[in-house]
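Colleague: Whatever this is, show me its structure:
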Amino acid sequence: MTIFFICITILILGYKFYSPFVEKQAGIDPTIVTPQSRFSDGVDYLPIHPVRAFLIQFLNIAGVGPIFGPILGALYGPIALVWIVIGNVLGGAVHDYFSGVMSIKEGGKSLPEIAGHYYNLVFKGFMLIFTAMLLFFVGVVFIMSPAGLLSNLDSFQGTFLANNTFWVLVILGYYFLATLLPVDKIITKFYPVFGLLMIVMTTMIAVALLIDAPHLPVTGDFMAYFEADHAHDFLTPNPDGFPTWPLLFVTITCGAISGFHSTQAPIIARCLTNEKYVRPVYYGAMLCEGIVACVWALAGIAAFPDGYAGLKELLDQGGPGLVVNHIANSYLGAFGGIMAIVAVAVFPITSGDTAFRSLRLTVVDAFNIPQSVRNRLLLAIPILTIAYFMTKLDFSLIWRYFAFSNMLLSTSVLWLGTKYLFDRGTFHWIVSIPAVITTGVTISYIMTAAIGLNLSQNLGKPIGAVVIVIGMILLVFTHNKHKPVMG
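Modeller: Below you'll find the model as predicted:
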């Protein structure tokens, strides 16, 4: 349990001491009129209180990612928590923060439009393709995962509620309304409540784990854990031969660093009433997601005394959704378990609808489409129809493409943030170093993954390391050429 407390402490300290330094580089000006005031349209540009904005942003980015990803990452053992914390403070929270900064500075525009401004038309097209692809995969994943959770509830068995297709259609119907209606009709009214629900549910699981602390396999010194008799179960590469580099970094994206979060930035950037709220809303929401991810990574390890084998067996039987069911019932009892599972089903739905909404906004921004009801219908209907047929595909295949596009987009956004800071002449290293590292991770993954080049690990992994070294050399050269100064 020591490693868990250390991780949570680092996340809190990261916000207290590191985020103000990050904010200093961004050029925040509380006196500037925000896009919400300049472009008020009654649909997407509406004022939101900062506390409500934080809860909505937290729920938008959280979904099922910081639950399912860390459970899958628990196969690697406590090193999963280390990656979540380091990735979050130095990468993910910075990524989310500058996504918000650049969007609010650019009138609440979507990422492809911002990329076109800071780079060129080619990079804009690249960002448009991968942003749209990621948003679509996120939306499909967040139809399939909650539908699977709800249809598998024990209390629904033997009724029409156990039909997966029924829940898919119900969720799609809700997505249609949430995508079409103004932001203040559903999102601003109900999402703060759902955000609090996620915080309460995560706290319940965390408290249950703390009460059961003497029985957890990670109690005590971190190194002592690896010296224990069962340590071989969680050493990397794990027993299936999956190496930490790069698979752990792609398996756990939400909670550590996730490109999907940047696609959600314009939704809140169009509603903030002052630039000073960017740091608590964006950086703060990501750190909270890191805490959620740490809790579920620990739960994924703690709920299986026999270590890797028990977790792997349950994942093979029913995926991370079945593991959530097992953890919730084990630590919260039957009633608490049902409440937790329903909550976990609600969270991806609230990210799925904003994914499709963001997809609509991205297309609207890219092609300057007027925001009439007719045009919103013409976009929403075909998108959701295609999404329905995508739910017929294998979930694991969709998840792999989602994970890759997630990491690729986060890397692109970090490079976009690097250019933003270079143009300002401030301390770009807070963004450029994470950008180089995630570039190496992405290249190593696509070199070795079955959905990529499928090369051997011995060849693919060193290529990513070489890319990082070359990237750092080029950064130093560019830094010396431009000589940015801290601001």
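Colleague: Now for the spatially closest residue to Ala208 that is not a sequence neighbour: which residues touch it?
Modeller: Nearest residue to Ala208 in three dimensions, chain neighbours excluded: Tyr331, at 3.7 Å (C-beta to C-beta, 6 or more residues apart in numbering). For the C-beta atoms, the positions are set from N, CA and C on the backbone; glycine is no exception. Contacts for Tyr331 (C-beta atoms under 8 Å, 6 or more residues apart in numbering) come out as Ile205, Ala208, Leu209, Asp212, Ala299, Ala303.
Colleague: now these as a markdown table including neighbour count and secondary structure?
Modeller: Below are those laid out as a markdown table (neighbours: other C-beta atoms under 10 Å; DSSP: H, G, I helix; E, B strand; the rest coil):
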| residue | neighbour count | secondary structure |
| --- | --- | --- |
| Ile205 | 22 | helix |
| Ala208 | 20 | helix |
| Leu209 | 22 | helix |
| Asp212 | 15 | coil |
| Ala299 | 27 | helix |
| Ala303 | 22 | coil |
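Colleague: Looking at those residues, which is nearest Lys481?
Modeller: Lys481 lies nearest to Ala299 out of those, by C-beta to C-beta, at 48.2 Å.
Colleague: Spit out the contact partners of that closest one.
Modeller: Ile71, Ala74, Ile205, Leu209, Ile327, Tyr331.
Colleague: Quick one: low-confidence residue ranges for the chain.
Modeller: 1, 213-242, 482-487 (pLDDT under 70).
Colleague: Apart from its neighbours in sequence, what residue is nearest the most centrally placed residue in the chain?
Modeller: Centroid-nearest residue in the chain, with C-alpha atoms, centre = their mean: Cys254, separated by 3.0 Å. Excluding its sequence neighbours, the residue lying closest to Cys254 (C-beta to C-beta, 6+ apart) is Gly65, at 2.6 Å.
Colleague: mind putting the contacts of Ala299 in TSV, distance to Asn120 included?
Modeller: Below are those laid out as TSV (distance: C-beta to C-beta, whole Å):
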residue	distance to Asn120
Ile71	40
Ala74	42
Ile205	46
Leu209	49
Ile327	47
Tyr331	52
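Colleague: Pick out the most distant pair among those.
Modeller: Spatial extent of the contacts of Ala299 (C-beta to C-beta) is set by the pair Ala74 and Tyr331 at 14.7 Å.
Colleague: can you pull out the helices in the stretch 201-350 of the chain?
Modeller: Assigned by DSSP state H, counting those that start in this stretch, the helices in the stretch 201-350 of the chain fall at 222-227, 249-251, 259-269, 278, 284-302, 308-367.
Colleague: and the angle for the longest one with helix 259-269?
Modeller: Put plainly, it is helix 308-367. Between the axes of helix 308-367 and helix 259-269, defined by axes from the mean of the first three to the mean of the last three C-alpha atoms, to 10 degrees, the angle is 50 degrees.
Colleague: Downstream of helix 308-367, the next helix or strand is which one?
Modeller: Next helix or strand after helix 308-367 toward the C-terminus (DSSP states H and E): helix 373-390.
Colleague: what residues does that following helix touch?
Modeller: Against helix 373-390 from outside (C-beta under 8 Å, 6+ apart): 136, 139-140, 143, 168-169, 172, 175-176, 179-180, 356, 359-360, 363-364, 369, 398.
Colleague: Could you check how far the helix or strand following it is from the centre of its chain?
Modeller: Per DSSP H and E, the first helix or strand lying C-terminal to helix 373-390 is helix 395-424. Going by C-alpha atoms, centre = their mean, to the nearest Å, the spacing between the C-alpha centre of helix 395-424 and its chain's C-alpha centre is 11 Å.
Colleague: The helix or strand that comes right after helix 395-424 - contacts with which helices or strands?
Modeller: Next helix or strand after helix 395-424 toward the C-terminus (DSSP H and E): helix 429-448. Applying 3 or more C-beta pairs under 8 Å, 6 or more residues apart in numbering; DSSP states H and E, one finds that helix 429-448 contacts helix 19-26, helix 93-105, helix 249-251, helix 395-424, helix 457-482.
Colleague: Figure out which of those helices is closest to Pro47.
Modeller: Closest of the helices and strands packed on helix 429-448 to Pro47 is helix 93-105, at 13.4 Å (criterion: C-beta to C-beta).
Colleague: Quick one: list the elements packing against that closest one.
Modeller: In terms of contacts (3+ C-beta pairs under 8 Å, 6+ apart), helix 93-105 is packed against helix 19-26, helix 111-118, helix 259-269, helix 278, helix 284-302, helix 395-424, helix 429-448.
Colleague: For these, give me JSON lines that also has distance to Phe194.
Modeller: As requested, the helices and strands packed on helix 93-105 are arranged in JSON lines below (distance: least, C-beta to C-beta, whole Å):
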{"stretch": "helix 19-26", "distance to Phe194": "25"}
{"stretch": "helix 111-118", "distance to Phe194": "25"}
{"stretch": "helix 259-269", "distance to Phe194": "15"}
{"stretch": "helix 278", "distance to Phe194": "22"}
{"stretch": "helix 284-302", "distance to Phe194": "13"}
{"stretch": "helix 395-424", "distance to Phe194": "22"}
{"stretch": "helix 429-448", "distance to Phe194": "30"}
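Colleague: wait, which of those is closest to Gly42?
Modeller: Proximity of the helices and strands packed on helix 93-105 to Gly42 was assessed by C-beta to C-beta; the nearest stretch is helix 259-269, lying at 15.2 Å.
Colleague: which helices and strands sit right next to the closest one?
Modeller: Counting by 3+ C-beta pairs under 8 Å, 6+ apart, the elements that helix 259-269 packs against turn out to be helix 50-62, helix 93-105, helix 111-118, helix 121-151, helix 308-367, helix 395-424.
Colleague: Identify the residues contacting Trp429.
Modeller: When contacts are counted by C-beta under 8 Å, 6+ apart, Trp429 is found next to Leu475, His479.
Colleague: how much space is there between it and Tyr445?
Modeller: Separation of Trp429 from Tyr445 (C-beta to C-beta, to the nearest Å) stands at 24 Å.
Colleague: again, but for Gly417
Modeller: 21 Å.
Colleague: The two: who's more crowded?
Modeller: Gly417 (28 against 25; other C-beta atoms under 10 Å).
Colleague: What are the neighbouring residues in contact with the more buried one?
Modeller: Val94, His95, Phe98, Ser99, Met102, Val431, Ala435.
Colleague: ranking the residues you listed by neighbours, who comes first?
Modeller: Neighbour tally across the contacts of Gly417 (other C-beta under 10 Å): the maximum, 32 neighbours, falls on His95.
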